[in-house]
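> Show me the folded form of this:
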Amino acid sequence: MPTQPRITCEIDENQIAIVTLNRPDKLNAIDMEMFQQVNRLTKKLKKERLIRAVIVQGAGSDFCSGLDVKSLLTNKVDALKLLFKWWPTMPNSAQRFSLGWRDIPCPVIFAIHGRCWGGGLQLASGGDFRIASHDANFSIMEAKWGLIPDMGGAVAFREVMRQDHTLELAMTAKVIDSDEAHRIGLVTKVAADPFSAAYELALECINRSPDVLAANKKLYNQTWCSSAGKALFLETWYQIRVALGKNRAVAISRERKPDSKRDYLPRKFE
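Next comes the predicted model:
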């Protein structure tokens, strides 16, 4: 049984949730308990209307070295639990581990250092932004173990990388540095201190209406690979909902009277 939580979450005075992968002695390798704790946390954060942004980091020397192969691949029951789904098109537990961050209606920023491999890379790809240190390195590692990436990468990778870049990484299991990851779109930016850069970005975002942040996130997640018709419909519909919300008046007031800095109301957009 785990003797310490696999993840921790603290909410600071700016209503920014700081999530930390907390298995540094195992390079934050993902075991069954980490899958379960992350999935419970994303469900909880999705419902928190006061949370303005989320930053995810890893404790110790590495962000996440991937699956704890020894604990997971030798336990067939746990493997079946992760892969099982009630409906073919719905995410299973392994896929929710990555894609669950997309359902949180505020910016989710991953601050990455050291190794970000396999399941760790799929986890980070479920966020809205990825800021990496200069020494970070990345790999779609599953081919090394005779597997394919199956934790939501088929959704997340296509939105940040070209198909040929994704195929090259998935077929070779090669390790690339942060500069190459940035060049191919896998990383949003590279910074000397990724957590500080992530926090700075979070502060920029929360200067805007929480309803605007939620609407933008939902709009582009739902339409990035959709038909033009669906994109245009949702763009108009979400604009109407945001424009009629009370936080629009707060946003206008903050722009017209910067010194007053009225506080935004809790998010209403779902």
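> all helices of this protein, in order?
Under the criterion DSSP state H, helices of the chain are mapped to 32-47, 69-72, 76-83, 93-99, 119-125, 153-160, 163-172, 178-183, 194-206, 210-223, 228-243, 246-256.
> Can you pull out the low-pLDDT segments for the stretch 1-150 of the chain?
1-3, 73-76, 78 (pLDDT under 70).
> What ranges does it have for its strands?
Using DSSP state E, counting those that start in this stretch, the strands of the stretch 1-150 of the chain run over 7-11, 16-21, 53-58, 108-112, 115-117, 129-132, 137-139.
> As TSV, the helices of the chain with distance to Arg267 and mean neighbour count would be great.
(C-beta placed from N, C-alpha, C; glycine too.) Output for those, formatted as TSV (distance: least, Cβ to Cβ, whole Å; neighbours: other Cβ atoms under 10 Å):
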stretch	distance to Arg267	mean neighbour count
helix 32-47	11	18
helix 69-72	36	16
helix 76-83	31	13
helix 93-99	20	23
helix 119-125	24	29
helix 153-160	23	18
helix 163-172	33	15
helix 178-183	31	18
helix 194-206	11	19
helix 210-223	4	19
helix 228-243	11	13
helix 246-256	8	14
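> Redo those as a markdown table? Include distance to Pro107.
A markdown table is the format used below for the helices of the chain (distance: least, Cβ to Cβ, whole Å):
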| stretch | distance to Pro107 |
| --- | --- |
| helix 32-47 | 12 |
| helix 69-72 | 30 |
| helix 76-83 | 27 |
| helix 93-99 | 16 |
| helix 119-125 | 14 |
| helix 153-160 | 15 |
| helix 163-172 | 24 |
| helix 178-183 | 19 |
| helix 194-206 | 5 |
| helix 210-223 | 6 |
| helix 228-243 | 16 |
| helix 246-256 | 16 |
